[in-house]
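> Build me a structure from this.
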Amino acid sequence: MRAPSALTLLLVLASAPAAAAPASAPAPAAKAAPPPAPALAAAPVGASEPSEPIVASAPLAASAPAPARSAPAAPSPPPRPTVTTPAAQRTGAIREPAPRPTTDVRVQSRFAVKAKTAQLFAAAEYLSRGDFYNSPGARVGATYYPFEPLGFELQVSHFWSSLNAEAERVKTTLGALPDSHAPAWLFLAGGRYSIGYGKLMVGGLGGAIHFEPQAFVHAGVHAYDGDVGPSGDFGLGLLVYLTPKMFARIDAAVVYEREDRSGQSVAVWGTLPAIGVGGTL
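Next up, the predicted model:
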């Protein structure tokens, strides 16, 4: 029988302790030892079997350490909110928080249109010149508007004049009459311009009042009792629409006239307020 070789005895001695003692896992906290370096055994010189390098490895259970248990990680702080600055604010421009709704018409259309129309009107008025006469009157006229704000008009006024109380007393006591002439007829032509346009909501009327402030100037002649001469006026007015076709008009005018008194021509100033109604053709 052939005697065992030295290489066989070395392999038996190397594997005997690992087979006798059961492999035990290392403690969780201890660091796993590195696996043993592979042992190289060489046959002695003169051995009958060829010398081959043999790698002796420990059992798999002993060489694979259990994973170490790590301590719980500390909670991370919550993330900060991200603030985004608009480009318009970074450049200094002011932007609206939300876009405005787009509309086709932002301004209400006019309640009534005057361009290319004519207005007919009648009014009551009162001429005050400090001439010892009470002169209530009435006027009729027409205005044509070639453009919306501008109109050309013609008006005729008639006054029913009578001496006031002071002139009656002088006439009774002294038998004298003032040298002024009793107003009778007044013919004026001129222009009227609408300064603006507006509306006003008044409680109880159930709607808005549409109005236009106006400025006017006229020139013409007067035919008073025994005197004919130039006349003119200028002032401010208010055109108030009752309906799109009906209106009321208030005028406050300053009157200038040249009149013969006591054989000489004098300048006479007075006021002529009027209020009337009319319609649009």
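> Do a quick rundown of the strands in the stretch 151-281 of the chain.
162-163, 185-194, 198-201, 208-224, 227-241, 246-261, 264-280 (DSSP state E, counting those that start in this stretch).
> Give the other helices and strands that the fourth one contacts.
Helices and strands touching strand 208-224, by 3 or more C-beta pairs under 8 Å, 6 or more residues apart in numbering; DSSP states H and E, are strand 150-159, strand 185-194, strand 198-201, strand 227-241, strand 246-261. Where C-beta positions appear, they are placed from N, C-alpha and C, glycine not excepted.
> for the fifth one, same thing?
Using 3+ C-beta pairs under 8 Å, 6+ apart as the contact test, the elements touching strand 227-241 are strand 185-194, strand 208-224, strand 246-261, strand 264-280.
> Looking at those, spot the one closest to G175.
With C-beta to C-beta as the measure, strand 246-261 is the member of the helices and strands packed on strand 227-241 nearest G175 (18.9 Å).
> mind showing which ranges of this structure have poor pLDDT?
1-109, 204-206 (pLDDT under 70).
> how about 80 then?
Within the chain, the ranges that satisfy pLDDT under 80 run 1-111, 202-207.
> Would you quantify the distance from P273 to A253?
7 Å (C-beta to C-beta, to the nearest Å).
> Same check on F147?
Look at F147 and A253: by C-beta to C-beta, they are 23 Å apart.
> Next: Q119.
18 Å.
> Repeat that for V113.
Note on V113: its distance to A253, by C-beta to C-beta, is 26 Å.
> just K171 next, same as before
Here K171 is placed at a distance of 30 Å from A253 (C-beta to C-beta).
> Between the two, point out the one with more neighbours.
In terms of neighbours (other C-beta atoms under 10 Å), A253 is the more surrounded of K171 and A253; the figures are 22 against 14.
> Report the contact partners of that one.
By C-beta atoms under 8 Å, 6 or more residues apart in numbering, the residues touching A253 are F216, H218, D233, F234, G235, T271, L272, P273, A274.
> The third one and W269: what is the separation?
The gap separating D233 from W269 is 10 Å, by C-beta to C-beta.
> and for these two, which residues touch both?
Common neighbours of D233 and W269, counting by C-beta under 8 Å, 6+ apart, are V254, V255, Y256.
> Redo these as JSON lines? Include distance to E153 and neighbour count.
Output for the shared contacts of D233 and W269, formatted as JSON lines (distance: C-beta to C-beta, whole Å; neighbours: other C-beta atoms under 10 Å):
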{"residue": "V254", "distance to E153": "17", "neighbour count": "13"}
{"residue": "V255", "distance to E153": "16", "neighbour count": "22"}
{"residue": "Y256", "distance to E153": "18", "neighbour count": "15"}
